[in-house]
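In: coords please:
(chains A, B and C)
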Amino acid sequence: MKHYTFSKNERLCSKRLIEYLFEKGQRFVSFPFSVYWCVVSSDTIPCNAQVLINVSKRKFKRAVDRNRTKRLMRECYRLHKHELYDLLEAKNCKIVLSLSYIQDKKRNYASMDEKYLNMLDQLLCAISNSVQNDK
RNA sequence: AACGGCAACUGUUCUAUCGUCGGUUGUGUAAGCAAUCGGAGGAAAGUCCGGGCAACAUAGAACCACCAUACUUCCUAACAGGAAGGUGUUUUUCAGAAAUGGGAACAACAGCAAGUGCCACAGAAAAUAACCGCUGCCUUUAAAAGCAGUAAGGGUGAAAAUGUGAGGUAAGAGCUCACGCUAAAAUGUAGUGAUACAUUUUAGGGGUAAACCUUAUGGGUUGAAAGACCAAAUAUACCGACAGUUAAGAGUAGGCUCGCUCGUUGUCGGGGGGUAGGUUGAUUGAGACUUUUGGCAACAAAUGUCCUAGAUAAAUGAUAGAACUUUUUCUUUAUGGUAAUGAGAAAUUGACAGAACCCGGCUUAUAGGUUGCCGUUUUUU
RNA sequence: GCCGUUGUAGCUCAGUGGUAGAGCACUUCCUUGGUAAGGAAGGGGUCACGAGUUCAACUCUCGUCAAUGGCU
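Out: Take a look at the predicted model:
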């Protein structure tokens, strides 16, 4: 039985890791998301991946719109996180990543989900390539 | 009845599944897991005022500078907020012949009669007024020039030196008088007071303080990213113990050797400041609601009941279904036509907006619904 | 969260309450065999928006909107 949870341990809260991520991490854009990700050593974080979800004040003036967009993104991550976790367990590595929303238009859940799946495919591809190259 | 404006109140609900933050309970060495309870607003917004709280500064007081406020009384912890009133301005198909009164709205409503500045263009002149004009004297032939007096009349402009009448004069002028107007002061009456009314005296000074400024009153500065406490890893001031080295050195009565002391290197232990991080500040308070009493009201007092979010890279969400609501279309009520109303189906709509230490206000945004007031149009009596 | 600054022509900016300006850009003409440079003329403004004070507001006051800077 898979648990579609999203607890505190799965969120990126450490200031140091965030600085490390934006300094060393790799970046790609899958519209409307901008993704930074980075492999970390196994004892720094307690679970397979930590994620940072991020919507800019420049894109949405109103706090209501920002909160809504963040909640939708979090929901997408929560429901599809096992695809990411399976790959990471197979490769035996841990990552931190940051998702930024860079469109300035609101969208509903269905459209958000579709875009998220596109992004996820690209991310899985990037991770497996990078890890193979390391070996 | 419809439409519009303003004000006040309200401002979607339920079920299932998967999640999220906090409290409690159980289980577990722990991470966690399970159960259960609770989890955004009238503006949470803007950060425009006032306070609590905290740190820093300061003997106390005065003066200067800067900022804010400015009719009165009251309410309030306090306020640039609120209530009641006064005065003024505007408005009114409300009354009235009119004067005026009533209603409504608005007011940064102390002081240009303290000083300084400014008032474009036009105009003679924008504040020690004199172009045309009027009057007198004098010069030359009339007309014009010069000197003196004057401010009645003229046009300009946003604004032009208190209005009418009489006297007065060479001509005129508050120059004088009468009746007014406006302002200031004094006295009396009413009122807590602003002020109103009456009488007397004085004055006639254009506007502008949202120009500098004057007067009165208030204000120390900075804000929870304030402040307090605990404290990994790494480096380490300092202290102690042990070990090593003369490989740099100093002292130990002049030199050398040995020893000793200081030093130096390493290990271990202690230890201070303090980073990551954590705890606190921080959710029981000028608290909410009910009833009663006092007050025109804002509000106050008493009584009873209740505890009602607390995140921190930042919780309150997603999906599916149902109801309600908005708008549109279709079917039916409707087997003569029109179609109010009711019923059903499909699509569509549900505002403004998200706590960030906490309170009291103000300002701004707000679909739909309810209530009240005002306006317009139509119909009936 | 807290505290500031700015908004004027297509762009960059001036502007003591009294007719809205400069440079670059644009249009037309001159100059040249032609282009550039140069010269002459011209067009182009909701002074961010809404109220108020004033005879008169880009300017003073209040509110709103937008852009932007600082404080860990």
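
In: contacts and neighbour counts: CA atoms only from here.
Out: Will do.

In: Just the buried residues of stretch A:102-119, please?
Out: For stretch A:102-119, a neighbour-count test (16 or more other CA atoms under 10 Å) marks A:102, A:112-113, A:115-116, A:119 as buried.

In: Just flag the most distant two among the residues you listed.
Out: Between any two of these, the greatest separation by CA to CA is 15.7 Å, found for A:Ile102 and A:Asp113.

In: Give me the helices and strands touching the helix or strand of chain A with the lowest mean pLDDT, please.
Out: Every helix and strand in chain A was compared by mean pLDDT, DSSP states H and E; the lowest is helix A:15-24, with a mean of 78. For helix A:15-24, the elements it packs on are strand A:33-40, judged by 3 or more CA pairs under 8 Å, 6 or more residues apart in numbering; DSSP states H and E.

In: helices or strands next to the strand it packs on in the packing?
Out: Strand A:33-40 sits against helix A:15-24, strand A:26-30, strand A:94-101, with contacts defined as 3+ CA pairs under 8 Å, 6+ apart.

In: on that earlier part again, if we check RNA strand B, which of the buried residues of stretch A:102-119 are in contact?
Out: Of the residues in the buried residues of stretch A:102-119, proximity to RNA strand B by CA under 7 Å from any atom of the strand holds for none.

In: Next, check these against the helices and list the overlap.
Out: Under the assignment DSSP state H, those contribute A:112-113, A:115-116, A:119 to helices.

In: Can you report how many residues lie near A:Ala90?
Out: Here the number of neighbours of A:Ala90 (other CA atoms under 10 Å) works out to 9.

In: For A:Val96, give me its contacts.
Out: By CA atoms under 8 Å, 6 or more residues apart in numbering, A:Val96 lies in contact with A:12, A:21, A:37-40, A:49-51.

In: any idea which of those is closest to RNA strand B?
Out: Nearest to RNA strand B out of the contacts of A:Val96 is A:Leu12 (CA to the nearest atom of the strand; 4.9 Å).

In: What pLDDT is listed against the closest one?
Out: Predicted confidence (pLDDT) for A:Leu12: 82.

In: Give me the phi and psi angles of it.
Out: Torsion angles at A:Leu12 (phi, psi; degrees, to the nearest 10) stand at phi -90, psi 110.
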